[in-house]
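**Q** sharing a sequence plus its predicted fold:
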Amino acid sequence: MDISVRPATQDRSRQSQQRVLDAGEQILADHGYDGFSIAEVSERSGVSVGSIYQRFRNKDVLFTALQDQILKRLDREQEQLFLDIQTDGLSDDAVINAAIQGMADHFQRHEALLRVMILRGATDEETRARGSQSSLALARHFETFLIDHVRDFAHENPRIATDVSFRMIYASLTRRIMSGPTFESATAIDWDRFVSEMSRACRAYLIGASPR
């Protein structure tokens with residue numbers, strides 16, 4: 001499938017194209033992929049349907065452009081997230097907790113758009129592949145941060161341990177975003193408690209931290 005986008009070459013065209021992308025992103029956040037349509041994007045952006053089709057061949061092409069815009073922004077934020085954590089004077093326990101809390105906060109801030117991309121990726125290979133690249137980058141940032149700043153791992157293989165910890169956290173957060181707090185368990189745990197308990201489990205696994 002040809003998913004190329006006609007580039008905007010003039011300021012006015014670039015501004016119109018950005019209005020389309022911003023409107024499309026908001027519709028995805030508000031209504032998900034099923035509520036996303038060229039007609040609705042046209043109404044919200046103030047750009048005619050015909051003009052949108054001139055730039056974006058169809059709804060799938062527009063969604064691809066939107067996913068690219070969203071992921072570029074999230075990727076920058078993900079990288080900065082770990083650069084902003086001040087580790088001076090922190091114990092290993094606190095370093096790990098800060099990394100996990102930062103990652104969870106990032107997921108919660110972007111919950112609506114992440115849900116759209118995760119659910120769409122389950123049925124569309126191209127969406128899944130683009131999302132996977134972003135997830136792999138997040139894994140590298142998380143694991144590198146822990147390897148660089150945790151001084152005393154209890155696990156005999158810190159790189160395997162940090163990788164498995166990332167997988168557990170990522171899977172838990174994405175599952176929660178997709179299905180809510182009680183899909184696989186009848187016990188309702190609010191977001192903050194859920195993150196706290198998940199961090200507690202990972203800290204015990206990584207450094208043998210005493211539960212608290």
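**A** Now that the structure is in, tell me what you want to look at. Residues are numbered from 1 along each chain as shown.
**Q** so where's the protein shaky on pLDDT?
**A** Screening the chain residue by residue with the criterion pLDDT under 70, one finds the ranges 1-11, 209-212.
**Q** what strand or helix carries residue 175?
**A** Applying DSSP states H and E as the criterion places residue 175 in helix 158-179.
**Q** enumerate the positions of that helix that are buried.
**A** Of the residues in helix 158-179, those buried by neighbour count under the rule 16 or more other Cβ atoms under 10 Å are 158, 161-162, 165-166, 169-170, 172-174, 176-177. For every residue, glycine as well, the C-beta is placed using N, CA and C.
**Q** so the helix or strand hosting residue 136 versus helix 158-179, what angle?
**A** Assigned by DSSP H and E, residue 136 belongs to helix 125-149. Counting by axes from the mean of the first three to the mean of the last three Cα atoms, to 10 degrees, helix 125-149 lies at 140 degrees to helix 158-179.
**Q** can you list the domain ranges for the protein.
**A** What automatic domain parsing lists as the domains of the chain is 11-57, 71-207.
**Q** residue 65 is nearest to which of those?
**A** Comparison of these against residue 65 by Cβ to Cβ identifies domain 11-57 as nearest, at 6.4 Å.
**Q** what's the offset of the closest one from the middle of its chain?
**A** Using Cα atoms, centre = their mean, to the nearest Å, we find the averaged C-alpha position of domain 11-57 to lie 22 Å away from the chain's own average C-alpha position.
**Q** and stretch 151-170, by the same measure?
**A** Mean-position distance between stretch 151-170 and its chain equals 21 Å (Cα atoms, centre = their mean).
**Q** so after the helix holding residue 175, what's the next helix or strand?
**A** With elements assigned by DSSP H and E, the helix or strand that comes after helix 158-179 is helix 191-207.
**Q** count the neighbours of residue 102 for me.
**A** Using other Cβ atoms under 10 Å, the number of residues around residue 102 comes to 17.
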